[in-house]
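Participant: Give the three-dimensional model of this entry:
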Amino acid sequence: MNRRDFIERSLCMTGGCLMLSPAVAGAGRAMWPPARNEDGYFPVFRRPGMSYHPFVRWWWNGDKVKAEELIRELHLLKAAGIGGVEINPVKFPENTDDLGVESLQWLDDKWIDMLKVTFDETRKLGMACDLIVGSGWPFGGMFLKGDERAQMMVIGVKKLKGPMRYETSVFNLLKEADPAIQEPYAGRTAHLVALKLVENPLTRLEGIVDISEKTGEDRIYVDVPEGNHALYALVRMDSFGSVINGAPGSDGPALNHLNRAAVEKYLTRMSDAIERRTGPLSRHIRAFFVDGWELDGANWIADMPEVFKRRNGYDIMPWLPLTMHKMGGMGSVSDYHYGVDMSPGLRDMFNRMHYDVEVTEAEMFRDRFCIPFADWCRRLNVLSRVQAYGRGFFPLESSMHVDIPEGESWTTNYLQHRIGEEMSNEDYRRGRAYTMVNKYVTSAAHLTGKRLVSNEEMTNTYRVFNMTLEFLKLGCDQNTIVGITHSVLHGFNYSPPEAPFPGWIRYGAYYNEKNNWWPYFHCFNEYRARVCAIVQNADMYADIAVLPPLGDMWTTLGMQNEPFPSIVNVPYQTLLWEAMNKNGNGVDYVSEPVIREAKVSKGWLHYGKRKYSSLFLIAVERIDPDTLAVLHEFVAAGGKVFCIETYPNQSLGWSRHDARDGEVKRWVEKLKTFPDRFVLLQKPDDNDFVKWYPAIQRRHRLTPFVTITDPNPHVMANRYIRDDGAEVFFFINSHLHNDYRTTVTFPKTTITGKYPWVWDLDTGERYRIELGRQGAFEMYLGPVASRMIVFDHEAEGAAWHPLPVTGDNLQTLEGWDVELRHSLEEKVEATRMKTPVDLKDTEYVHFTGRVVYRKTVTVRDTKGATLNLGKVYGLSEVKVNGTDCGVTWYGNRLYDVSGKLRAGENKLEIQVVTTMGNYMKTLTDNKVAQRWVNRPGRPQPIQSMGLVGPVTLYQHIKTDV
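Facilitator: Just a heads-up that it's a prediction; the model follows:
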């Protein structure tokens, strides 16, 4: 099937349907997404069905699972507000007491019976169920044979100075080429494929001498002429890598994803085995899941030279070693200067050939794994859910082939990347929970009309015992801005309650009933469900397309290991779309194939349901002439193309490159005849694109969907358009400590004939708001706050009166009796504080549990009384005169206490639930605890805890909106 047919079919499957009701548990493709709910949008927002709630990755640790515990944990998850599970068998955690429980073998009858227990129970509970293919990543198994196992082609280079007679062995050359595999397979074998003696520097093709006839000799002797040379060894590694963290029965050598027959055999083996005992999988699971394509450098199959020649028109094998770099871990390049120096002409030649190799590999992977996997799921009548990225793949198009494309976000490098504290212009990773690949994934979904875009949410291999619900919200909100609409939390560990504390932990944020904040976990899940109930039932708006310089990167640096590239050719790529977003424009990434398949109409570039009035090229030097032909048609029709730093000036690949370079130059000259619409821009010297972009926006009339006065690096916004014409705006402040005030102005097209509402994401209520002149709205966002503003046709409703952060007759409350109730020890301590202080600065630094602050407060006038707790590290609850005032778990901790205070004396009680990490550091004999809090090279810092304040009481008159 060609991509155009695939895209049209995808659009037919997803476009135009309002899908609002809860999911049918265990339903596959036939019943998912859910059917239309005639009650409308607001009832679904108010009480979202379980399909909108976060799912969890459910690690079946070592497959040491029992029916009664599976059922117990599913009930535990349902009670906490989890909507579904992804069954994920994984290697049992190291240094952990397994209680002598038997490991079930993947695909054995006993293991499949546990699947059936899970299928049946999720159906009873109204939860959904996904199932990972294989286990760990990349999937494989001991049952794979020969070329069914992953292969890799690498080089080893020895620098030599002649004249000399060089003697070496095949073993030494293989050792030199041996890459740093993350999980090497014990049975791997290496084969010397070719030998080349190359002049250094290389200035002529005659300086490459093929001596491959020596590959069959045990000892290799090379007569090196005078001068500097290098001996290139081309080496094929067979069965080189193992499944990382594979569970019993699905561990062992990784699958060769370039071997279509092996792929289809693997997939069919799995589905046939399960369906023999369970019946059709479509009755039980929503989707099959693939956990990323991090193939550790796998790049070869026997027929690749033949396929390459057929697709590119020349034989790559004589030149292949010269196109390659030294390979390190996860397939990333470890040394770009490993081989010989080259003249500019030869470097360009081999770079172009390198691009052809990369594209051929990506095309073969698409044809031999990606499409067959999607077709397999379709035959089974279940959905395909895939993290369609890694190294060696199309980062945008790969997600177009699956039903539920998935991205990922990380908390691991919290200290280095300071998420919630900065948004760096120097390092695109700092301050962002989302990975840079997420923009590709969500753009692919938009281009193919998919509204369901999942995310491996807040991957945690570091802050396991220090994760907070507030931090989880911050990361999820950021990912919503990128385009994510469905959370799959990372993750929930199968861990029987009798397991020694803290239990069986493979990874994750300690989603466990023994976590202090577990009783409040539902608060986050309900919040997240409401967000997803809105964004899954609307189209995220974008009218600007951005073309990243992937062709340039693949030519000069090679494909990178997404989502963690070791190097990028244009580090500011992420900053551009962020700056556009922070100034009120919607953006999608596109690719050259997307542009070439797009249609031009009335100054817009149309692809599927998407259309763009402007296109930005990010430092794109190399481009296909056919892409420029479409851009010329686009600009001539009134569209705008902006080239940052450079105009394109050469073509991609080796075949006919001279002629194609000429075509590129001619098209660029034609485009330059439209100087107001084909524009060269220089990037800001300081990389502050947020400040740079508004001038571009005004000068070239790039109309924002909302105007934000004084844009802030931490404040972002999306616009969504519902099928009924209503418009939704989602604003976030992703700073952990700072608030933000601004004026946002909505365009006339939005406000005409519609009424503005705040839909409260915490309570599920909605309130009417009034706009000022020309659609202006004075907005306040506290730390980690978000705001959902909906313009629809409902005219009447209660007015919005949010609690203010300050007011009249303010008094600062001092003199607290403090009680510390330990959650993991039978101990209660008491102390006295004049003003609350961070527990990390006290003798209680290693406390974990619940801190209770009490005092008596005298008031005269209770009208409009508001309690502001100030800064709080943890969840907070308030009681006034014994009456519960509620829970706050992020941002400003504000409480309306006007109906609970009485004139005279009042008893005030504040409870704060802390994290566990500081305490876990003291468990020096607990290997599981120490692995996560005192990990060598990455020890967890002491965390702030408790009420810090200042705690103030005041009367509210003016509200913050």
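Participant: Distance check, the closest residue to residue 882 other than its chain neighbours against residue 816.
Facilitator: In this structure, residue 882 finds its nearest non-sequential neighbour in residue 907, 7.0 Å apart by C-beta to C-beta, 6 or more residues apart in numbering. No exception for glycine: its C-beta is placed from N, CA and C like everyone else's. Relative to residue 816, residue 907 is positioned 13 Å away (C-beta to C-beta, to the nearest Å).
Participant: Give the helix, strand or coil label for the spatially most central residue of the chain.
Facilitator: When C-alpha atoms, centre = their mean is applied to the chain, the residue found nearest the centroid is residue 408 (2.1 Å). On the three-state scheme (DSSP: H, G, I helix; E, B strand; the rest coil), residue 408 is labelled strand.
Participant: I'd like the average pLDDT over the longest helix along the chain.
Facilitator: The helix that spans the most residues within the chain, counting by DSSP state H, is helix 344-365. Averaged across helix 344-365, pLDDT comes to 98.
Participant: which strands and helices sit next to that helix?
Facilitator: helix 304-312, helix 320-323, helix 550-556 (3 or more C-beta pairs under 8 Å, 6 or more residues apart in numbering; DSSP states H and E).
Participant: need the ones you listed in JSON lines with distance to residue 168, can you?
Facilitator: Output for the helices and strands packed on helix 344-365, formatted as JSON lines (distance: least, C-beta to C-beta, whole Å):
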{"stretch": "helix 304-312", "distance to residue 168": "26"}
{"stretch": "helix 320-323", "distance to residue 168": "16"}
{"stretch": "helix 550-556", "distance to residue 168": "31"}
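Participant: out of these, which comes closest to residue 375?
Facilitator: Among these, helix 304-312 comes nearest to residue 375, with 20.0 Å by C-beta to C-beta.
Participant: Give me the buried positions along the closest one.
Facilitator: 304, 307-308, 312 (16 or more other C-beta atoms under 10 Å).
Participant: can you give me the angle it makes with helix 344-365?
Facilitator: Taking axes from the mean of the first three to the mean of the last three C-alpha atoms, to 10 degrees, one finds helix 304-312 and helix 344-365 inclined to each other by 100 degrees.
Participant: Packing partners of helix 304-312?
Facilitator: Using 3+ C-beta pairs under 8 Å, 6+ apart, helix 304-312 sits against helix 344-365.
Participant: Show the average pLDDT along the helix or strand where residue 858 lies.
Facilitator: Under the criterion of DSSP states H and E, residue 858 resides in strand 849-859. Strand 849-859 comes out with an average pLDDT of 97.
Participant: Which strands border it, and is each parallel or antiparallel?
Facilitator: Looking at strand 849-859 with DSSP bridges, its partner strands are strand 816-822 (antiparallel), strand 904-913 (antiparallel).
Participant: roughly how far out does the longest one sit from the chain middle?
Facilitator: In this view, strand 904-913 has its centroid 41 Å away from the chain centroid, taken as C-alpha atoms, centre = their mean, to the nearest Å.
Participant: And the next helix or strand past it?
Facilitator: Next helix or strand after strand 904-913 toward the C-terminus (DSSP H and E): helix 917-920.
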